[in-house]
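*Asks:* When you get a sec, could you give me coordinates for this:
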Amino acid sequence: MPIYQYEAISSTGERIIEQGEFSSPVELYSTLRNQGYLLIDYKKRFFSNIPSIPKKIKRLELAELLRNLALVTRGGIPLVDALKDMVQSPGMTGLRKIIEKVIKRIEGGELFSEALSHYKTAFPNVVIILVRLGEETGRLDKTLEDAAIHLEKVQEIIDKTKRAISYPIFILLAMIGALAFWILYVLPKLFELFKSLGLKELPITTKILLATVEITKTYWPVFPVLIAIFIVLGFFSSRNEKLKFLWDNFWTHFPIIGRILKSSQLAFFFEYLSLLASSGIDIIRSLEIMEGAITHQVLRHGIRDIRATIVGGRNLSEAFKKCTLFEPFILRMVRAGENSGNMPEQLKILSDHYMEIVNRMVDSIAKKIEPILIGFAGMIFVIIALGLLGPIYDMMSNIK
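*Replies:* As a prediction, the model looks like this:
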């Protein structure tokens with residue numbers, strides 16, 4: 001958007017010289033007029049000392065802003081005054097520049113939701129929708145608080161998912177590193193020693209280890225290439241929908257990690273859907289919003305099929321069968337919600353259920369992983385021990 005440096009004067013004679021982003025001189029003139037200023041002069045600038053607007057705002061920072069806005073608007077303070085006070089508050093470095101622009105747009109005649117919609121990289125679609133709903137119903141304070149709670153829960157789901165996944169990945173990488181050290185550095189030196197001692201007939205376990213060492217020494221460049229290909233596929237999968245579908249489907253069926261990812265995605269889905277349903281948004285519109293908010297392509301395709309099925313005249317429980325991620329338990333809960341008429345409560349129960357699964361997996365992931373890792377490490381240790389002790393035993397026999 002073009003940057004204009006302008007000079008204006010108020011009805012009381014106050015003169016200001018500032019700069020800002022406007023689509024055209026017409027927008028600049030109308031914005032200043034709505035604020036009570038008369039445009040005197042302006043010029044277009046190619047460079048500006050205006051701090052750039054951050055592309056991403058932390059969820060918890062945004063949740064704090066929305067919660068504070070809910071409190072002050074509930075207390076009867078005008079929205080613009082509340083926003084101006086928050087601009088002066090410490091700890092708002094990421095949001096301050098955006099809030100200043102939102103204030104200018106509101107003073108220029110836009111609604112709060114309209115002003116937020118210009119900065120969708122900072123404000124999620126659900127926040128804009130809830131703000132618009134609050135404006136229409138006159139309960140802006142409630143919808144702002146609902147949005148804040150939603151963002152905090154989403155962040156909690158993400159944080160716990162990361163913690164649950166990081167442990168097995170760290171342990172796996174540590175074991176691979178230790179095994180690579182033995183195969184590439186320790187074992188070759190020991191086998192050279194055995195050869196120098198003139199051992200001709202080696203036990204079968206030693207031959208297996210020796211073959212593994214030789215293959216690894218010969219083809220070790222293949223492993224970094226495979227890892228690089230895997231990383232590149234992960235990067236490009238975010239840009240290609242079909243590739244991302246395969247990528248997400250792969251991780252969804254991956255042992256342990258897949259269960260964590262699936263539960264966290266379902267917790268997010270039902271948390272989001274219960275919020276929209278309890279706010280009075282119809283299911284078709286809710287699913288349309290969800291399709292744009294979900295990044296997991298398997299679940300996203302399922303939402304698309306669900307929406308198409310409902311548009312075709314089926315009920316929600318029948319439509320949910322279209323998604324392969326949904327378990328029979330989900331279908332029973334949704335059917336119960338349809339029969340009782342308390343669908344938002346049933347969706348909230350499902351959200352809490354899958355959030356509890358994520359919590360349990362975070363707490364018990366070490367206990368579940370440790371037996372597998374100990375068994376795997378023990379098997380490797382036994383093979384290495386037998387492969388090394390066999391030649392040593394033969395040497396001792398020859399000495400006798």
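*Asks:* check contacts around residue 4.
*Replies:* 19-22, 25, 28, 42-45 (C-beta atoms under 8 Å, 6 or more residues apart in numbering). Placement of C-beta: from N, CA and C, glycine included.
*Asks:* can you tell me which of the residues you listed are in helices?
*Replies:* Counted as lying in helices by DSSP state H, out of those, are 25, 28.
*Asks:* Including distance to residue 100, could the contacts of residue 4 go into JSON lines?
*Replies:* Listed next are the contacts of residue 4 as JSON lines, based on distance: C-beta to C-beta, whole Å:
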{"residue": "19", "distance to residue 100": "12"}
{"residue": "20", "distance to residue 100": "9"}
{"residue": "21", "distance to residue 100": "11"}
{"residue": "22", "distance to residue 100": "14"}
{"residue": "25", "distance to residue 100": "21"}
{"residue": "28", "distance to residue 100": "16"}
{"residue": "42", "distance to residue 100": "19"}
{"residue": "43", "distance to residue 100": "21"}
{"residue": "44", "distance to residue 100": "20"}
{"residue": "45", "distance to residue 100": "18"}
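*Asks:* closest to residue 319 among the contacts of residue 4?
*Replies:* Nearest to residue 319 among those: residue 21, at 43.8 Å, using C-beta to C-beta.
*Asks:* hmm, back to that, out of the contacts of residue 4, who's nearest residue 294?
*Replies:* Proximity of these to residue 294 (C-beta to C-beta) peaks at residue 21, which lies at 31.7 Å.
*Asks:* looking at it, the closest one is touching residue 101, isn't it?
*Replies:* Yes: assessed by C-beta atoms under 8 Å, residue 21 is found in contact with residue 101 at 7.4 Å.
*Asks:* for the stretch 301-400 of the chain, what are the low-confidence residue spans?
*Replies:* The model of the stretch 301-400 of the chain has pLDDT under 70 over residues 366, 386-400.
*Asks:* So what touches the helix or strand hosting residue 225?
*Replies:* Assigned by DSSP states H and E, residue 225 belongs to helix 222-237. Residues from elsewhere that reach helix 222-237, judged by C-beta under 8 Å, 6+ apart: 243-244, 246-248.
*Asks:* now it, how far from the chain's geometric center?
*Replies:* From the chain centre to the centre of helix 222-237 is a distance of 21 Å (C-alpha atoms, centre = their mean, to the nearest Å).
*Asks:* Give me the average confidence score over it.
*Replies:* Helix 222-237 comes out with an average pLDDT of 76.
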